[in-house]
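Visitor: mind looking at a prediction? Sequence and model below.
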Amino acid sequence: MIVNSFGFGGARRVAVAFLVSAIAMASAMPHARAAMVNIVALGASNTAGKGVDASAAWPARLEAMLRAKGYDVAVTNAGISGDDTSRMLARVDTAVPNGTQLVILDKAASNDRDRSVDTNANIAAIVARLNARGIRSIVIADMHGWANNQLQADGIHITAAGHAAVAARLLPLIIAAIGEPARR
């Protein structure tokens, strides 16, 4: 048996070989995965999905579409039926948690009109508050138009097909805003 100066013989060589193998394996592993992309949908009833199943609302459909394209993404639905932009402004800091990269904002103009709320001033204030936190935003100015005017019988809330149309229209905008999906 060969004994080295440390008195370990072949055991030391095995340990060194193991250590070299472990380092080689670690360096061959892919780099750490990119963090999940967090998106918040902030709006009123058409964002909340009033009159359709939660899985049919555009935020859920958008998340499914992004995941199908390989994105590690979470789209949080922060829509509240009956909300207007002054209420959204009041809750933006709690509805949009730290770590959010993008907010999709529904103008909720019909609720604002009903209450004589200054939509443009509130949208500008929401966007400015998000920008100050380093969060990008996309504003949906005309939800009915984005839904191809596919409305439920009440003439206000969009149908499941309308939600699908909104998600499809948002998809390329979101991809442009967040970039290519991280390779796994």
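Guide: Sure thing, it's come through. Numbers count the residues shown, from 1 in each chain.
Visitor: the protein: helices as residue ranges?
Guide: 10-28, 45-48, 58-68, 85-95, 109-115, 119-132, 143-146, 160-178 (DSSP state H).
Visitor: identify whichever of the ones you listed lies nearest to residue 103.
Guide: Distance to residue 103, taken as C-beta to C-beta, is lowest for helix 119-132 among the helices of the chain, at 5.6 Å. Quick note: C-beta positions are derived from backbone N, CA and C, even for glycine.
Visitor: contacting residues around the closest one?
Guide: 42, 84-86, 88-89, 92-93, 96, 103, 105, 107-109, 112-113, 136-137, 139 (C-beta atoms under 8 Å, 6 or more residues apart in numbering).
Visitor: need the contact list for the residue lying closest to residue 143 once chain neighbours are set aside.
Guide: Using C-beta to C-beta, 6 or more residues apart in numbering and skipping the chain neighbours, the partner closest in space to residue 143 is residue 46 (4.7 Å). By C-beta under 8 Å, 6+ apart, the contact set of residue 46 is 79, 106, 108, 143, 147, 157-158.
Visitor: residue 161 too?
Guide: 148, 150.
Visitor: measure it to residue 54 for me?
Guide: Relative to residue 54, residue 161 is positioned 16 Å away (C-beta to C-beta, to the nearest Å).
Visitor: show the pLDDT at the closest residue to residue 148 other than its chain neighbours.
Guide: Nearest residue to residue 148 in three dimensions, chain neighbours excluded: residue 165, at 4.8 Å (C-beta to C-beta, 6+ apart). Here, the pLDDT recorded for residue 165 equals 98.
Visitor: burial count for the closest residue to residue 63 other than its chain neighbours?
Guide: In space, and not counting its chain neighbours, residue 63 is closest to residue 75: 3.9 Å by C-beta to C-beta, 6+ apart. By other C-beta atoms under 10 Å, 26 other residues sit near residue 75.
Visitor: going forward can the numbers begin at 305, since that is how I track them
Guide: Will do, 305 is the new start, and the previous item becomes residue 379.
Visitor: and residue 379, bridged to which residues?
Guide: residue 343 (DSSP bridges).
Visitor: you'd agree it is up against residue 370?
Guide: Yes: counting by C-beta atoms under 8 Å, residue 370 is a contact partner of residue 379 at 7.4 Å.
Visitor: residue 363 against residue 345, yeah?
Guide: Yes: if you go by C-beta under 8 Å, residue 363 and residue 345 touch, sitting 3.9 Å apart.
Visitor: intersection of neighbour lists for these two?
Guide: 351, 379-381, 383, 408.
Visitor: where in this protein is pLDDT low?
Guide: 305-338, 487-488 (pLDDT under 70).
Visitor: please redo it, this time with the cut-off set to 90
Guide: 305-339, 411-418, 420, 445, 484-488 (pLDDT under 90).
Visitor: tell me which residue lies nearest the centroid of the protein.
Guide: Taking C-alpha atoms, centre = their mean as the criterion, residue 343 is the residue nearest the geometric centre of the chain, at 2.0 Å.
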